[in-house]
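Asker: Just to be clear, the model below is a prediction. Sequence and coordinates:
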Amino acid sequence: MSTQHAENDRAFNRSMLVKLVVVALLMFGFGFALVPMYRAICQITGINNLVQRDATEREARNTQVDMTRTVSIELDANARGLLGFRPEQRSIDVHPGEVMTVMYDISNNEGRTIDAQAIPSYAPKQATEYFRKIECFCFTQQTLKANETKRMPVVFVVDPKLPKDVKTITLSYTFFELNKPAVPAAPKQAAGA
């Protein structure tokens, strides 16, 4: 009976092994099938739309942009000392609500490193609250090495609530050198010399 019992155990073990292999293969296949099933369920229900294609440019456009209006932005640059400073373009036309980027070039024509800061101003004055800078070199102090030139962006948006009578905004920057070295004073002559 022990050989019969051993053969029954082997048959049982083989049967169990086959069942376990089949269950493991089914689980592995089910794991792969979950991804397309998940996508199909999401597409049908509209939940977690992973399968939607990127929106076309027309669909993705910013609905806050007022395409019926154009505002001319005039760009001005001034610098004190031996700094060279200018916008890469003098003016740009924008639609209110449209995010725009303009570039400025600044050059240090000194033979030494300088620290400088840009101060913005706007005209007309009422446009100030509607001109929103997202990124600007004027937010931080700039360090320019001797004879270095930098290209710096200004990213901005004109608020669509800008009064309709404002057709032109002038954005002006003035760059000032910070901590300018003092000019040595002339030596004083001794009295009676």
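Answerer: Thanks, I have it. Numbering: from 1, shown residues only.

Asker: Please count neighbours and contacts with C-alpha atoms only from this point.
Answerer: OK.

Asker: can you list contacts of stretch 146-161?
Answerer: If you take CA atoms under 8 Å, 6 or more residues apart in numbering as the criterion, stretch 146-161 is touched by 64-66, 95-114, 130-137, 144.

Asker: And it, what's buried?
Answerer: 149, 152-153, 156-160 (16 or more other CA atoms under 10 Å).

Asker: In the chain, what residue spans correspond to strands?
Answerer: 71-79, 83-87, 91-94, 99-108, 114-123, 131-136, 142-144, 149-158, 168-178 (DSSP state E).

Asker: now the ones you listed as JSON lines including distance to residue 14 and mean pLDDT?
Answerer: What follows is those, written out as JSON lines (distance: least, CA to CA, whole Å; pLDDT from 0 to 100):
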{"stretch": "strand 71-79", "distance to residue 14": "82", "mean pLDDT": "94"}
{"stretch": "strand 83-87", "distance to residue 14": "82", "mean pLDDT": "91"}
{"stretch": "strand 91-94", "distance to residue 14": "77", "mean pLDDT": "95"}
{"stretch": "strand 99-108", "distance to residue 14": "70", "mean pLDDT": "94"}
{"stretch": "strand 114-123", "distance to residue 14": "82", "mean pLDDT": "90"}
{"stretch": "strand 131-136", "distance to residue 14": "70", "mean pLDDT": "91"}
{"stretch": "strand 142-144", "distance to residue 14": "77", "mean pLDDT": "91"}
{"stretch": "strand 149-158", "distance to residue 14": "71", "mean pLDDT": "94"}
{"stretch": "strand 168-178", "distance to residue 14": "84", "mean pLDDT": "90"}
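
Asker: and the protein, what are its domains?
Answerer: The record's domain split for the chain, according to automatic domain parsing, is 1-53, 71-178.

Asker: Of the ones you listed, flag the one that's most buried.
Answerer: domain 71-178 (a mean of 16; mean count of other CA atoms under 10 Å).

Asker: and the longest helix for the chain?
Answerer: In the chain, assigned by DSSP state H, the helix with the most residues is helix 2-45.

Asker: Show me what that helix is packed up against.
Answerer: The helices and strands touching helix 2-45, judged by 3 or more CA pairs under 8 Å, 6 or more residues apart in numbering; DSSP states H and E, number zero.

Asker: Many thanks, I have nothing further to ask.
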